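S.K.: Whatever this is, show me its structure:
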Amino acid sequence: MKVKANKKHLEIEQFLSSQSSRATKVSLELPKNIDIEKKMVLDDYHGQHLSHSFSFHKSDNSNLALLYIKHLKKKDIQHERFNVAINLFGHQLNRNIKDVLIDVLSMDEEIRLASGLKAVSKIEEVLKNFRDLSFEDEKRVEQYKNIDALISHEFEQMLLELHTRMDHSDASMELRKHLEELCLAELEYRRLAEIGVFTSAEDVEQDNKRLSKQINKVELRKRLVALPSTISKKPISEPLAPKRIAIGTSTFMIMLIFSFFVVKARNLGIDTTMTFVFILAGMYIFRDLFREELRGKILSSLSKEQPDEHYGLTALTKNEWLGTQRLWYYSETFKKNKHLGYSDYNRLVCREKITTSKFDYWNYKQIKTVKQLNLAPILEAIKDKRKVVYALENGVVKHAEVRKQYLIKLKIEEQKMNESRVRLTHHEYKILIDSEGIIKINKPLVT
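M.R.: Numbers count the residues shown, from 1 in each chain. Now for the predicted structure:
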């Protein structure tokens, strides 16, 4: 399992094999002084701001994915199988390029230069090995060129963004010069290979219309590359039995109370007609006041283990059943306790259970799940939290506004069940944030 931070988002990557199940509990703990209760219902937070995506997976190592393509190249295999493999490689390398940028920019200045050069060299090596491939089949050549063009564009954009975000000190001059050389080399490679130049300096400065078209083309290619490895989710409607039982039970209880008072009145010799009218009026008042509450309590007790969301997982390009995903959302509030050593805080919880059937998707037998948690509502709740600091210098009072920082916790409990084995792990991350986003995420405490 991996957790990545990207300014205003947290990404949780997990993996699951064929014919297994996994239960995950994701808890986000917020101190009470982050007041998001005014903006939304706490129970709904994960339902609205936690997204889930699924894809087939072989390895995080792009070199291994490339070796698999070389292995397939030697064999006379179906075009679709090759298409899945090369697209998965392209999608994975694009993610690796994005991750390199995030990782390098999050490093301290002292280690950023050496680590940045090393990380860029690794991508450069994988790209060189990929370009050593050659194909005779026209369909494969066309697919290969599409992937190559997309990776080249993404790699170039990563290099340029890294260049702009580096400080302009003498120490970083060597890395910046190397990044410039690589960018020019990619531009020249695309020109010679005739795989198209997506953007140019002229486009960025002048031709916004053309630039917009090119970016749309890149995004379309990205989606097409990700398509063969993508797993789709289809909602599964829950059975209506608990709702019907709750409606019937609540109506029966109200009628039972009404009947009891009618029988009691008759036994006491009271005028039944008038009593019936009054009790009937009382019953309607009672029903309108308490029917929904009574029905809700009966329904919650009947469907305690019924998920808030239920999905079936299928391969997007092959209509093959892969498994199910169940999701529960709720929140908990904890009061200050000196003995246990914690202050008031809210815990926002998402509980997930995924069960996979036996599958073999073109020799891919593992699923990668990515949960993306959007922290924007939390950052919005603290945007006005600033502290003014004053200082006296030569008789002049100076001041500065400092954004207040908060410490939140992300706790993940993961239980994997595969055949007869059960593995339980706990991860706890301490995350420092301010109104602009995530400042720092500490190394996890794993138990």
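
S.K.: Every contact and neighbour count from this point should use C-alpha atoms.
M.R.: Noted.

S.K.: and residue 15, what does it touch?
M.R.: 1, 366, 367, 368, 369 (Cα atoms under 8 Å, 6 or more residues apart in numbering).

S.K.: Chain neighbours aside, what residue packs nearest to residue 404?
M.R.: Once flanking residues are discounted, residue 404 sits nearest to residue 386: 5.3 Å by Cα to Cα, 6 or more residues apart in numbering.

S.K.: quick one: residue 375 and residue 329, what's the gap?
M.R.: Distance of residue 375 to residue 329, computed by Cα to Cα, to the nearest Å: 16 Å.

S.K.: Of all residues in this protein, which one is nearest the centre?
M.R.: Centroid-nearest residue in the chain: residue 372, 1.6 Å away (criterion: Cα atoms, centre = their mean).

S.K.: domains for this protein, by residue range?
M.R.: The record's domain split for the chain, according to automatic domain parsing, is 2-236+307-446, 241-302.

S.K.: Tell me which of these sits most buried.
M.R.: When these are scored by mean count of other Cα atoms under 10 Å, the highest mean neighbour count falls to domain 2-236+307-446 (a mean of 16).

S.K.: Compute the first-to-last residue distance for that domain.
M.R.: Domain 2-236+307-446: ends 12 Å apart by Cα to Cα.

S.K.: Report the rounded mean pLDDT for that domain.
M.R.: Domain 2-236+307-446 comes out with an average pLDDT of 84.

S.K.: In contact with residue 147, which residues are there?
M.R.: Residues near residue 147 by Cα under 8 Å, 6+ apart: 86, 87, 90, 225.

S.K.: Please identify which of those residues is nearest to residue 136.
M.R.: The shortest approach to residue 136 among these belongs to residue 86, at 15.4 Å (Cα to Cα).

S.K.: any idea how far residue 148 is from the closest one?
M.R.: 10 Å.

S.K.: And residue 420, by the same measure?
M.R.: For residue 420 relative to residue 148 (Cα to Cα), the value is 43 Å.

S.K.: And for residue 16?
M.R.: Taking Cα to Cα, one finds residue 16 at 29 Å from residue 148.

S.K.: Same check on residue 82?
M.R.: The value you get for residue 82 to residue 148, if Cα to Cα is used, is 15 Å.

S.K.: can you check residue 407 too?
M.R.: 42 Å.

S.K.: same deal with residue 92?
M.R.: Residue 92 is 13 Å from residue 148, by Cα to Cα.

S.K.: Likewise for residue 81?
M.R.: Distance from residue 81 to residue 148, by Cα to Cα: 18 Å.

S.K.: Does the closest residue to residue 321 other than its chain neighbours fall in a helix, a strand, or a coil region?
M.R.: The spatially closest residue to residue 321, leaving aside those adjacent along the chain, is residue 314, at 4.7 Å (Cα to Cα, 6+ apart). Look at residue 314: counting by DSSP: H, G, I helix; E, B strand; the rest coil, its state is strand.

S.K.: ok, now which ones touch residue 314?
M.R.: 231, 232, 233, 234, 320, 321, 322, 323.

S.K.: Quick check: phi and psi on the fifth one?
M.R.: Which is residue 320. Main-chain dihedrals, residue 320, degrees, to the nearest 10: phi -110, psi 130.

S.K.: do the same with the second one
M.R.: With angles defined as degrees, to the nearest 10, residue 232 shows backbone torsions of phi -90, psi 160.

S.K.: Contact partners for residue 26?
M.R.: Counted by Cα under 8 Å, 6+ apart, residue 26 has contacts 349, 350, 351, 410, 411, 412, 413.

S.K.: and the second one, what helix or strand is that in?
M.R.: Counting by DSSP states H and E, the element that carries residue 350 is strand 345-356.

S.K.: From the contact counts, what lies against that strand?
M.R.: With contacts defined as 3 or more Cα pairs under 8 Å, 6 or more residues apart in numbering; DSSP states H and E, strand 345-356 has these neighbours: strand 21-31, helix 45-49, strand 321-334.

S.K.: now the shortest one, how far from the centre of its chain.
M.R.: Between the mean C-alpha location of helix 45-49 and the chain-wide mean there is a distance of 11 Å, by Cα atoms, centre = their mean, to the nearest Å.

S.K.: mind starting the numbering at 862 from now?
M.R.: Got it, first residue is 862 now, which makes that one helix 906-910.

S.K.: Tell me where the protein has helices.
M.R.: 906-910, 923-934, 940-966, 970-992, 999-1026, 1034-1054, 1062-1066, 1069-1087, 1102-1128, 1133-1163, 1237-1242 (DSSP state H).

S.K.: Pipe the ones you listed into CSV and attach distance to residue 1304 per row.
M.R.: Below are these laid out as CSV (distance: least, Cα to Cα, whole Å):
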stretch, distance to residue 1304
helix 906-910, 23
helix 923-934, 25
helix 940-966, 14
helix 970-992, 17
helix 999-1026, 24
helix 1034-1054, 28
helix 1062-1066, 39
helix 1069-1087, 30
helix 1102-1128, 44
helix 1133-1163, 39
helix 1237-1242, 22
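
S.K.: for the ones you listed, which one sits closest to residue 1254?
M.R.: Across those, closest to residue 1254 is helix 970-992 (Cα to Cα), at 30.6 Å.

S.K.: from the chain's centre, how far out does that closest one sit?
M.R.: Per Cα atoms, centre = their mean, the displacement of helix 970-992 from the mean C-alpha position of its chain is 26 Å.

S.K.: now do stretch 934-950
M.R.: Stretch 934-950 sits 29 Å away from the centroid of its parent chain (Cα atoms, centre = their mean).

S.K.: about what we covered before: adding distance to residue 987, write the helices and strands packed on strand 1206-1217 out as CSV.
M.R.: What follows is the helices and strands packed on strand 1206-1217, written out as CSV (distance: least, Cα to Cα, whole Å):
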stretch, distance to residue 987
strand 882-892, 33
helix 906-910, 35
strand 1182-1195, 31
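
S.K.: To residue 992, which of those lies closest?
M.R.: strand 1182-1195 (34.1 Å).

S.K.: so what's residue 1213 up against?
M.R.: Residue 1213 makes contacts with 884, 885, 886, 1186, 1187, 1188, 1189, as judged by Cα under 8 Å, 6+ apart.

S.K.: Could you point out which of these is nearest to residue 1119?
M.R.: residue 1189 (37.4 Å).

S.K.: residues contacting that closest one?
M.R.: 1168, 1169, 1170, 1211, 1212, 1213.

S.K.: Throw those into JSON lines and include distance to residue 1047, thanks.
M.R.: Output for the contacts of residue 1189, formatted as JSON lines (distance: Cα to Cα, whole Å):
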{"residue": "1168", "distance to residue 1047": "50"}
{"residue": "1169", "distance to residue 1047": "48"}
{"residue": "1170", "distance to residue 1047": "46"}
{"residue": "1211", "distance to residue 1047": "44"}
{"residue": "1212", "distance to residue 1047": "45"}
{"residue": "1213", "distance to residue 1047": "43"}
